[in-house]
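**Student:** Structure for the following, please:
(chains A and B)
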Amino acid sequence: GDSVTQMEGPVTLSEEAFLTINCTYTATGYPSLFWYVQYPGEGLQLLLKATKADDKGSNKGFEATYRKETTSFHLEKGSVQVSDSAVYFCALSDQEGGSYIPTFGRGTSLIVHP
Amino acid sequence: DTEVTQTPKHLVMGMTNKKSLKCEQHMGHRAMYWYKQKAKKPPELMFVYSYEKLSINESVPSRFSPECPNSSLLNLHLHALQPEDSALYLCASSQDWDPDSGYTFGSGTRLTVV
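**Tutor:** Just a heads-up that it's a prediction; the model follows:
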């Protein structure tokens, strides 16, 4: 079945540091890929998405590129802020798996210190 | 309106109580979802409604009873819950069965069963 593997957290960074959160996936078909963010005490928000190979999703300074050859969708940001502290979930939605329900990774907690 | 609104935000209930969680969206989304999220875990799918009909029940115990009165509203009726049912309950919606559009999540109801 489909699965998403994320790096284990927490990831702890100083403000203005470079961020990478790794995400790899396995899927039966050709999935769409997503990053969701969950701030403390809130629901999940769609951060960015990519629907085909080599697409780059971007939003709020975050970006991720759909790499089919390495089955990866790593999240990056050039300069993190304290306000980016949250849990980040990588997810896929596979059209050929018989269901459009997304498969979520375990989540990676990001802590940014001033 | 691009939001999913959930009420109440917090709920404490005894094991013999009956309560309901409510979810509302006015984006014209025809698929709506209930998820359960435990601390430091990804959300777990409970139910999916598509065009106001229950299409997926992920083997959820009968003490959880979903209802979709119309295309904008989704309820989750709770009865005889157990302490282990304490969690964040998230509602989400999406554009029909379009896997590329991503989900819009509500902020959730924090449920504590005592």
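**Student:** Residue 34: what secondary structure?
**Tutor:** Using chain A here. Classification of A:Phe34 by DSSP: H, G, I helix; E, B strand; the rest coil places it in strand.
**Student:** if I look at it, how far off is A:Ile111?
**Tutor:** 22 Å (C-beta to C-beta, to the nearest Å). All C-beta atoms are positioned from the backbone trio N, CA, C, and that covers glycine.
**Student:** Show me which residues of chain A are close to chain B?
**Tutor:** Counting by C-beta under 8 Å from any C-beta of the partner chain, the residues of chain A lying close to chain B are A:31-32, A:34, A:36, A:41-46, A:49, A:51, A:89, A:93-95, A:99-102, A:104-107, A:109.
**Student:** So how do I select the buried members of those in ChimeraX?
**Tutor:** Per 16 or more other C-beta atoms under 10 Å in any protein chain shown, the buried members of the residues of chain A next to chain B correspond to this ChimeraX selection:
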select /A:31,32,34,36,43,44,45,46,49,51,89,93,94,95,99,100,101,102,104,105,106,107,109
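**Student:** which outside residues touch the helix or strand containing A:Tyr88?
**Tutor:** If you go by DSSP states H and E, A:Tyr88 is part of strand A:86-93. Taking contacts as C-beta atoms under 8 Å, 6 or more residues apart in numbering or on different chains, the residues outside strand A:86-93 that touch it are A:2, A:4, A:6, A:9, A:21, A:23, A:25, A:27, A:31-40, A:44, A:47, A:73, A:75, A:100-105, A:107-110, B:42, B:99-100.
**Student:** Counting only strands, which of these make the cut?
**Tutor:** Counted as lying in strands by DSSP state E, out of those, are A:4, A:6, A:21, A:23, A:25, A:32-38, A:44, A:47, A:75, A:103-104, A:108-110.
**Student:** Which of the helices and strands in chain B ranks last by mean pLDDT?
**Tutor:** Scoring the helices and strands of chain B by mean pLDDT, DSSP states H and E places strand B:53-57 at the bottom, with a mean of 91.
**Student:** One more: chain A?
**Tutor:** Going by mean pLDDT, DSSP H and E, chain A bottoms out at strand A:103-104, a mean of 92.
**Student:** residues from chain B in reach of chain A?
**Tutor:** So chain B meets chain A at B:4, B:6, B:40-43, B:45, B:48, B:56, B:90, B:92, B:97-100, B:102-108 (C-beta under 8 Å from any C-beta).
**Student:** tell me the contacts of the most centrally placed residue in chain B?
**Tutor:** The centroid of chain B falls nearest to B:Trp34 when counting by C-alpha atoms, centre = their mean (2.9 Å). For B:Trp34, the contact set (C-beta under 8 Å, 6+ apart) comprises B:23, B:45-47, B:66, B:74, B:76, B:89-91.
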